[in-house]
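Student: okay, predicted coordinates and the sequence, questions at the end:
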Amino acid sequence: MSLGSIIGVDVGGTFTDVFSLDLGTGETAVAKVPTTRPDQSGGFLDGIRAAQPDMGRIRSLVHGTTAGTNALLERKGARTGVITTAGFRDVLEMRRRDRPRTWGLRGDFTPVVPRDLRLEVSERVLADGTVDQPVDLDAVRDAAKALQAQGCEAVVVLFVNAYANPVNEQAAVEALRAVWHNPHVAASSEILPEIREFERFSTTALNGYLQPEVAGYLARLETALKGGGFGGEFMIVQSNGGVMSVDTACKRPVRTALSGPSAGVIAAGYIAETAGYANLITGDMGGTSFDVSMIVGGETVVSPQTSIDFGMVVRTPMIEIATIGAGGGSIASVDAGGLLTIGPESAGSNPGPVAYGRGNTRPTVTDANIVLGRIDATRPLGKGLGALDLEAAKVAIEEHVAKPLGLGVMEAAEAIVRVANSRMAGAIRLVSIERGHDPAKFAYMPFGGGGALHAGAMIDEVGIGRALIPRFPGVTSAMGCVIADMRQDFVQTVNATLDALDLPGLADHMQTHFDEGQMVLESAGSEFASREERFELDMAYIGQTHTVSVPITVKVENGRVQAPTREAVREAFEASYRGLYGRLLKSGIRVLNLRSSVIGKRPKFDLARLAPAKDATVEAAERGSRPVFVRGQWEEARIVARLELPVGARVDGPAVLEQPDATIFVEPWLSATVDSYGNIIIEQKGEQA
Amino acid sequence: MAHVGTAGEAVDRTEKARGPEQGVDPITLAILAGRMEQIADEMDATLFRSAFNPIIAEAHDASHGIYHAETGETMVQGKNGLPIFVGVMAFAVKAVIDKAAESGGPKDGDVWIFNDAHIGGTHLSDMRLVRPYFREGKLFCWLASVGHWHDVGGAVPGNYNPAATEVFQEAVVLPPVKLMAEGELRTDILDIILRNTRLPQSAEGDVNGQLGALDLGIKRLDALLDEYGGDTVNEALAALAIRAETLLRREVEALPDGRWEAIDYLDNDGITDVPLPIKVALEVKGDRLSLDFTGCAPQVAGPINIALPTSIACVYVAIKHIFPSLPANAGVMKPIDIKVPEHSLLSAEFPAPTGGYTETILRMIDVIFSAASQAAPDRVVANAYGTINALSIAGKKSNGQRWVMFSFYGGGHGGTPEGNGLNHGSAPISMATIPPVEILEAAYPVAFRQWALREGSAGVGKHRGGLGAVYEIEVLEENGAEAFFFGERGKFPPKGVAGGGGAAVNRFDYEQDDGWHQPPMTSKMRGIVLKQGQKVRLQSPGGGGYGPASERPAAEVARDVALGYLSADQADAAYGNAWRGNAE
């Protein structure tokens, strides 16, 4: 019997990428098809058919989706109602008293649930968990009727201090479920039992807002897949870089908010670690933005929350991604003071760069790369693009950059690329510094279609030792889907001093998280190479507001969590605190939250399967040469078909390595070699063996 | 009359300064502009990450930059620092330059520290560290770091003392002194500082964080100068100042010539209940802008005075809100003349208290907006809520432990040329967020009975203002509590622009055995004794409206009524009853 195949599908804004791996033969295939809008399921199915026409052979299908993100950004979620504590109906709209931008005092905010669909009921729990006022269930039922009459499809219960004692929320949500017409009902203590009402309410409300939309989308996909003969497991990538079952995704769609980008970071981490680099900075260059993430000691850096848009806070563990507005479509202009600037205005992918001939006349970073000869105007990357209009790109650069600066058009094009490189390098340095790391000790991995063009420049600008370009940079996220582990994260606010911490109570919470996590793994119908559970406490000295994540070693014997000792918790805190700040304080210690993760490790595929064919030769990969403009002069650059290069091949710059989903530029002072997995390593010429 | 600015000579200086600019090609200039801003950003990031004190670590009440070797003028400042610090730091550096000159000039490795607001601007909580940067034995520029410390001694924790009539009742005053001399930490100075704060651990963490940020700046400047050479960087800095200046000149040129006035008032200084005028005459002449504050109140006894450097910095904040793309560079101030009367509220002299400087600069920003809107109605937003609303509730628990809940509260932003004002936004001078109710209730014996938008508080207009908020807080502690409140806008509402209406005034009520009361000074009071179960209620102003109410579409008024942003009667009174045809 055939082992079948495992397929990763990443649906992005422009393209749907598919990566498939035949578990029997080890053969891989990639496909790139246009994303369909508004319903992404069309492109999804096209992509799968392109990679694996026989859906019956698919054993496992993993999906990175932007369906949830788009519904949030475009405000296309369901009409959602809120039932909340008397006096607190406006928490979602008041946010944490912020504003969209530091300067200008402009910009309004419309919450996803308008004020007239936020109804108050009499109830109150105090911070210590005392019930100050029991919940008025008749009022809850009346509110449900009123919201149904208003056409609400989802409803959420948001009570103050429900993290400390969920009894009122539980009673309310039980009463609601008895009368609500669909399963889209949730309480904030079910979604996120963590202190901070705005973050909890926002996460819960956005989850309700997404539920009908995401559940509908996934149901359409499942039906179509089954119709095509698919009988394997179907999983969705979460923002934390792990995967979850479709059933979980329907209940917790808010966990898909950064599904797509996080899969790419997971793949990058795995590829780099396999290649021998545990410390990695990734850079994903898209049409309008440049996204930076870090992997430190083999672990992706995870942040506890993010804002999808101003005021739309989602608090669920996410792979940390810092974004600046410098992508291929970012527009270059000269401001009134005579300074060349790149972005934040962008032509995106539509109309896109001037050279695409779709109506944009202002020069972009991609236009500059075309004029400099780094992108081949006669053979563009994206499907559906004819030859690029090199002359139009030149005219635009001449008009908008060269003339105002008094430069020649080539110098102006190079200036655009150099300023863009400088901005990207700045983002990389800042992300490193904010995390307390020296970027010079990291390798850099670009992914996305455009990033590899600028990889060499990051070596110069950031002082990074080497850039690592994966075999298929344009489908990294789809490959990440195939690699990601199954992961469930849990949180419970404890909020006690260490001296007063109820250790058996803490162990009970750990047990609940462990059991729920194991149950999810059992019901997934997937095989795991191994399982792992992690427990962390958010801790601080009394009086501090910034907490430190403290990993706690906890024994689990025969499925029973053994409570840690007070001393073990103290020692773990002191070790973490000293690691971060170099010293300890004499104050008391407070434990704020318990965070648990249950991970099912999925079998990894051998990246060596991606290595070039044994009979590949450098000669066969040669594609001649073309002039490329670098540092003020034209140089004849070697053109090489990247995928045809053999292991160990070395190509000195100036060179352009081309492949269907990306173009790699090797500056004259850099050199590229192919490692045993087919990755390209770019380093300074002098630094190579 | 204290004159600041450079009327007449600025153009000449511009022409002269064009000399070195020839030397830097536009590509290098664009790259260096980014690289130098990056250095300041990295200094910000270093302090935000390492500070213990949440006012710096979370609210980012800090700033870093690179300053001119001789004049102290701002050359580069970080993007993420507190808005009001952009502009005020140059005065701190100049103060150190003057101080250093008294003792033979700065030496490599020296670091000065001080908080004196009368020479450095803002208030005594803001501790400034200033360090010279030497290149090949010669002073190249200055680096500086400012951060808001948690406590610097004085009569009340946190240094917001509404009854202060001298700085000595606000905090310990530190003139510029050397914290480090040629690389050696002067532990005697550090000992003095740490003995004069209620939170020495926090203060020590902040000192170390700020020193670390300066170290990083030195390291990054070394690398930059190694790469590009001192001359090129110097030329680039000069060229960037000219470009900043040119940017503002182009913006001002696009405005019509003319003179526009605006006046507004502070409720009182908390000591005597007399309204205090703040007046501006804004004049546009060609590519120059002048702001004349003649007619503002004289210096007062209470802590709402500001020192001259604060006034200048505040003008910068207002101008940058109107033209957000301006860089943080002293060049921006060259085309601006600022006139501030001597011995006034806006140029108070030592030892006048300045702890409540936030209220005064917020009002300055309001009058600048009101005047500028007449010149450029399509560029300027209406007044925001205009008060920081500092409210403190404190007491002792039964176990004797002291507690102090101190927070600033939000309000509405003004309507804009593009749309409605933001509900419940942050103050224009800050990006600090408000703590969640649950964090406050977990830390202090209080319960919020209301945390809501304040209906009917927005200024009406084609684009209405944002709504203010209602916060009602009950004391749960059986020993009761004591409250103090320091706000503004209790008598004079935030104004609309371009024909828009004013917002609701600020209102503070407190409960006693015989019912609810308001402070005799309207917006300021200390020593309010509350028993268990008694409440205070703060209702903050909304923002002013933009454009005439008659131009607001009926459907939008109907929507506002449906959402409860204002009542049907209020809508009839402000907009007429046409909306009723669109009622939902």
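Tutor: That came through, no problem. No experiment lies behind these values; they were computed from the predicted model shown. Numbering: from 1, shown residues only, chains lettered A, B, ... in the order given.
Student: so which bits of stretch B:229-249 are buried?
Tutor: Within stretch B:229-249, the residues scored as buried using 16 or more other Cβ atoms under 10 Å in any protein chain shown are B:232-249. C-betas here are computed from N, CA, C, even on glycine.
Student: can you check stretch A:617-632 too?
Tutor: For stretch A:617-632, the neighbour count (16+ other Cβ under 10 Å) marks A:621, A:628-630 as buried.
Student: would you list these in a markdown table and tack on secondary structure, distance to chain B and pLDDT?
Tutor: Below are the buried residues of stretch A:617-632 laid out as a markdown table (DSSP: H, G, I helix; E, B strand; the rest coil; distance: Cβ to the nearest Cβ, whole Å; pLDDT from 0 to 100):
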| residue | secondary structure | distance to chain B | pLDDT |
| --- | --- | --- | --- |
| A:621 | helix | 34 | 95 |
| A:628 | strand | 18 | 96 |
| A:629 | strand | 13 | 96 |
| A:630 | strand | 13 | 94 |
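Student: which of those sits closest to residue A:427?
Tutor: For these, the minimum distance to residue A:427 (Cβ to Cβ) is 23.2 Å, reached by residue A:630.
Student: so, in contact with chain A or not, the helix or strand that contains residue B:225?
Tutor: Assessed by DSSP states H and E, residue B:225 sits inside helix B:200-228. Yes. Using Cβ under 8 Å from any Cβ of the partner chain, helix B:200-228 reaches chain A at B:201, B:216.
Student: how does the chain divide into domains?
Tutor: In the absence of a named chain, chain A is used. Under the assignment automatic domain parsing, the domains of chain A span A:5-72+A:215-256, A:485-601, A:612-687.
Student: ah, no, chain B please
Tutor: Using automatic domain parsing, chain B is parsed into the domains B:31-228, B:381-552.
Student: out of those domains, which is the most enclosed?
Tutor: Ranked by mean neighbour count, these are led by domain B:381-552 with a mean of 23 (mean count of other Cβ atoms under 10 Å in any protein chain shown).
Student: can you give me the first-to-last residue distance of it?
Tutor: 16 Å (Cα to Cα, to the nearest Å).
Student: nearest to residue A:127, of the domains of chain A?
Tutor: Per Cβ to Cβ, nearest to residue A:127 of the domains of chain A: domain A:485-601, 8.3 Å.
Student: chain A contacts on the stretch 401-550 of chain B?
Tutor: So far as Cβ under 8 Å from any Cβ goes, the stretch 401-550 of chain B lies against chain A at B:409-410, B:413-414, B:416, B:418-426, B:428, B:431, B:433-434, B:436-439, B:441-442, B:447-453, B:466, B:469, B:472, B:476.
Student: pull the most distant pair out of the buried residues of stretch A:617-632.
Tutor: Greatest spacing in the buried residues of stretch A:617-632, by Cβ to Cβ: A:621 and A:629 (23.7 Å).
Student: just to revisit the earlier point, filter the buried residues of stretch B:229-249 down to just the ones in helices.
Tutor: Taking DSSP state H as the definition of helices, the buried residues of stretch B:229-249 contribute B:232-249.
Student: so residue A:267 sits in a strand?
Tutor: No. Under the criterion used here (DSSP: H, G, I helix; E, B strand; the rest coil), residue A:267 is helix, not part of a strand.
Student: that one reaches residue A:473, doesn't it?
Tutor: No. Residue A:267 lies out of contact with residue A:473 (Cβ atoms under 8 Å); the separation is 10.1 Å.
Student: count of neighbours near residue A:493?
Tutor: 23 (other Cβ atoms under 10 Å in any protein chain shown).
Student: now residue A:560
Tutor: Residues lying near residue A:560 (other Cβ under 10 Å) number 10.
Student: is it in a bridge, and if so with what?
Tutor: residue A:557 (DSSP bridges).
Student: these two touch, right, it and residue A:511?
Tutor: Yes. Assessed by Cβ under 8 Å, residue A:560 is found in contact with residue A:511 at 7.2 Å.
Student: residue A:82: which element?
Tutor: Per DSSP H and E: strand A:80-85 holds residue A:82.
Student: just how off-centre is that strand within its chain?
Tutor: Between the centre of strand A:80-85 and the centre of its chain there are 30 Å (Cα atoms, centre = their mean, to the nearest Å).
Student: please name every helix or strand in contact with that strand.
Tutor: strand A:118-121, helix A:137-149, strand A:154-158, helix A:197-227 (3 or more Cβ pairs under 8 Å, 6 or more residues apart in numbering or on different chains; DSSP states H and E).
Student: can you list the buried residues in stretch A:597-617?
Tutor: A:597-600, A:602, A:605, A:607, A:610-612, A:616.
Student: could you do stretch A:346-363 as well?
Tutor: Under 16+ other Cβ under 10 Å, the buried positions of stretch A:346-363 are A:346-349, A:352-357, A:360, A:362-363.
Student: isn't residue A:458 up against residue A:428?
Tutor: Yes. With contact defined as Cβ under 8 Å, residue A:458 reaches residue A:428; the gap is 6.6 Å.
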